[in-house]
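>>> the following block contains a protein sequence and its predicted model.
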Amino acid sequence: MTAMVTTSPRAARPTQPGPQRGALDRYFEITARGSTIGREVRGGLVTFFTMAYILALNPLIIGTKPDGQGNLLGGMPYLGADGQVDGAAVDASIAMVAAATALVAGVMTILMGVVGRFPIGLATGLGLNAFLAVLIAPQMTWPQAMGLVVIEGVIIAVLVLTGFRTAVFKAVPRSLRTGISVGIGLFITLVGLVDGGIVRPGEGTPVQLGIGGSLAGWPVFVFVLGLLLVAVLHVRRVKGAILISILAATVVALVIEAVAKVGPKIGDENPTGWLLNVPSLDGVLSLPDLSLIGQVDVFGAFGSAFDGGFRANLFFGLALLVFALLLADFFDTMGTVVAVGAEGNLLDERGNPPHLTPILLVDSAAAAAGGLGSVSSNTSYIESAAGVGDGARTGLASVVTGAAFLLAMFFAPLISVVPSEAATPALVFVGFLMIAQVAKIDWSDAEEGLPAFLTMVLMPFTYSITVGIGAGVLAYLVLKLARGKGRQVHWLMYLIGAAFVIYFVQGLLGQALGG
């Protein structure tokens, strides 16, 4: 990985720390990892700004969808007495989800910093929340759906405590881990380009440049400006290049919106508007509504499978839903931790991060906490690589990120002031840094190179870290067996492969069980 000269991420780690190190420095290993308190604070803020979109997006995904009984999160009916959508109920649900999302993300990210001592932020997992809102909640009540999330989180925690999850982490070969890191670099690059308005659904093609093959709109200008600024600051060796670019692009966005009144992106009506949130300083201090916390029915969904006798189809169908949640959460975290650790040069000679078990335990607890908080499973965020790219190396950065999430519960401008077009250039730039690891793969050996390649390309092309890892694992197993080297493969890899086979055909299994 090419070093960011601005933040010295590859600085030599002293083997004999000086006596001047304080308790904070010793606990978080700040000097030992070649960092400073200032870099940790800066990196933690960068991670927050690149993750903050979840505070606007999660309420829109799960706060606006009714469950199987027609109720929103919080128990309010989705439709009013007139049969129309109850706008006040939807607004109330959105506000509650936003507050609970910030609370759970803040608490769990601080725990990651203090217990895992690793520079990674946690919040509601995108994809997992959509899966919950679109496929799970309509089959039951919202509290029951959140109960399945709690069950999934508890199962993963048990796997950590028994050493199984850690063993699986270590069983994945180094070539695949490198492929995972590079694939995630490509994945977050695509995320940044899409959220910045550069890449959009095509007309006759899957994707295209901007609108009709052309860049248009002030938000795209802000994105391009932010990307050019971070690149220039980087080559000029300016400290805090990523954070400076985010803040500068945000100021420009605020001025543009105040003058041009761009407004939000609304389909064909306003295709060049701001994607997620309109940059604005409007907003006042307000007390968050945390009434969603604890609205969960852990065993309610499975209990319905026993009403009036055991219904095997329903029971195994629910088990399959939990399995899909578990597998996605399980391997998304593995890929994220490896990629963030590689970006910060925090992996040992075997490709493992420090304090691996505590990291995985906090991540597992976050999944259950997301269910208890009624905000969907919380997981480690690959956007943390942006903070690491700007200097973060220790858990202190996570404490800063978590504190920013907690503040966001009270200060609306912290959520609305930074548009995605100002924050996502950081993802593209970090993607550039991460792809340098591709040189570590032996491309002359198809047994190692092809699985890594499939992992790398399928992550962005399917918009799923889990799918990329699954394809790489299965290809690795097939090629090793074809060459008669099956005994050289760790037995856990075969178990992982079997799990991914089930994951990839879960749609067919669901139809069979339903039928």
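Yep, it's here.
>>> now for the residue sitting nearest the centre point of the chain: which residues touch it?
A centroid search over the chain (C-alpha atoms, centre = their mean) returns Y381, at 3.3 Å, as the residue closest to the centre. The contact partners of Y381, by C-beta atoms under 8 Å, 6 or more residues apart in numbering, come to 47, 51, 120-123, 336. In this view, the C-beta of every residue, glycine as well, is placed from N, C-alpha and C.
>>> where along the stretch 201-350 of the chain do the strands fall?
For the stretch 201-350 of the chain, the strands defined by DSSP state E, counting those that start in this stretch cover 207-209.
>>> tell me where it has helices.
For the stretch 201-350 of the chain, helices defined by DSSP state H, counting those that start in this stretch occupy the ranges 218-235, 241-260, 300-303, 312-343.
>>> tell me the buried residues in the third one?
The one in question is helix 300-303. 300-302 (16 or more other C-beta atoms under 10 Å).
>>> same thing with stretch 344-359?
Across stretch 344-359, burial judged by 16+ other C-beta under 10 Å covers 344-347, 351-356, 358-359.
>>> hang on, the earlier thing: name the nearest of the contacts of Y381 relative to D195.
For these, the closest approach to D195 (C-beta to C-beta) belongs to M51, at 12.3 Å.
>>> Provide a list of residues in contact with that closest one.
Counting by C-beta under 8 Å, 6+ apart, M51 touches 105, 121, 123, 381, 383-384, 401.
>>> repeat that with 6 Å
Contacts for M51 (C-beta atoms under 6 Å, 6 or more residues apart in numbering) come out as 121, 123, 381, 383.
>>> compare those residues and tell me which has the most neighbours.
G121 (34 neighbours; other C-beta atoms under 10 Å).
>>> go ahead and confirm that one touches M108.
No - at 8.9 Å, G121 does not count as touching M108 under the criterion of C-beta atoms under 6 Å.
>>> related to what we said a few turns ago, in CSV: the contacts of Y381, plus distance to A422 and pLDDT.
Listed next are these as CSV, based on distance: C-beta to C-beta, whole Å; pLDDT from 0 to 100:
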residue, distance to A422, pLDDT
T47, 15, 93
M51, 14, 87
I120, 22, 96
G121, 18, 96
L122, 23, 97
A123, 19, 95
T336, 23, 86
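>>> any idea which of the helices of the stretch 201-350 of the chain is most buried?
Ranked by mean neighbour count, those are led by helix 312-343 with a mean of 22 (mean count of other C-beta atoms under 10 Å).
>>> show me what the next helix or strand after that one is packed up against.
The helix or strand immediately downstream of helix 312-343 is helix 356-372, counting by DSSP states H and E. Here helix 356-372 touches helix 87-111, helix 142-161, helix 164-171, strand 378-380, going by 3 or more C-beta pairs under 6 Å, 6 or more residues apart in numbering; DSSP states H and E.
>>> and helix 356-372, what's its mean pLDDT?
For helix 356-372, mean pLDDT is 94.
>>> start at 48, not 1
Got it, first residue is 48 now, which makes that one helix 403-419.
>>> show me where this protein dips below the pLDDT cut-off.
48-67, 174, 323, 330-332, 352, 354-361, 459-463, 557, 560-562 (pLDDT under 70).
>>> if we go to 50?
Regions of the chain meeting the criterion pLDDT under 50 cover residues 48-66, 562.
>>> which stretches of the stretch 48-197 of the chain form helices?
For the stretch 48-197 of the chain, the helices defined by DSSP H, counting those that start in this stretch cover 70-75, 84-98, 100-109, 134-158, 175-178, 189-208.
>>> just the C-alphas of the first one, formatted as PDB.
By that I understand helix 70-75. This file holds the C-alpha atoms of helix 70-75, laid out as PDB (Å, rounded to 0.1, in the frame of the first residue of the first chain):
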ATOM      1  CA  ALA A  70      -2.000   6.600  30.000                       C
ATOM      2  CA  LEU A  71      -4.200   7.500  27.000                       C
ATOM      3  CA  ASP A  72      -1.200   7.000  24.600                       C
ATOM      4  CA  ARG A  73      -0.300   3.600  26.200                       C
ATOM      5  CA  TYR A  74      -3.900   2.300  26.200                       C
ATOM      6  CA  PHE A  75      -4.700   3.200  22.600                       C
END
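>>> now do it: everything it contacts.
For helix 70-75, using C-beta under 6 Å, 6+ apart, the contacting residues are 78, 441-443.
>>> again, only this time at 10 Å
By C-beta atoms under 10 Å, 6 or more residues apart in numbering, the surrounding residues in contact with helix 70-75 are 64-65, 77-79, 82-84, 87, 160-161, 164, 166, 440-446.
>>> from those residues, list the buried ones, please.
77-79, 82-84, 87, 160-161, 164, 166, 440-446.
>>> can you pull out the helices in the stretch 398-547 of the chain?
With DSSP H, counting those that start in this stretch as the criterion, the stretch 398-547 of the chain has helices at 403-419, 431-436, 442-455, 459-463, 467-470, 472-481, 493-509, 512-529, 538-551.
>>> just the CA trace of the second one, in CSV.
Right, the one you point to is helix 431-436. The C-alpha coordinates for helix 431-436 follow below in CSV (Å, rounded to 0.1, in the frame of the first residue of the first chain):
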residue,chain,number,x,y,z
SER,A,431,-13.7,4.0,8.1
ALA,A,432,-11.0,3.6,5.5
ALA,A,433,-11.3,7.3,4.8
GLY,A,434,-10.5,8.1,8.4
VAL,A,435,-7.5,5.7,8.3
GLY,A,436,-6.4,7.3,5.0
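>>> quick one on the thing from earlier: so can I have JSON lines of the helices of the stretch 398-547 of the chain showing distance to K217?
Converted to JSON lines, those look like this (distance: least, C-beta to C-beta, whole Å):
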{"stretch": "helix 403-419", "distance to K217": "8"}
{"stretch": "helix 431-436", "distance to K217": "21"}
{"stretch": "helix 442-455", "distance to K217": "21"}
{"stretch": "helix 459-463", "distance to K217": "38"}
{"stretch": "helix 467-470", "distance to K217": "34"}
{"stretch": "helix 472-481", "distance to K217": "21"}
{"stretch": "helix 493-509", "distance to K217": "17"}
{"stretch": "helix 512-529", "distance to K217": "14"}
{"stretch": "helix 538-551", "distance to K217": "9"}
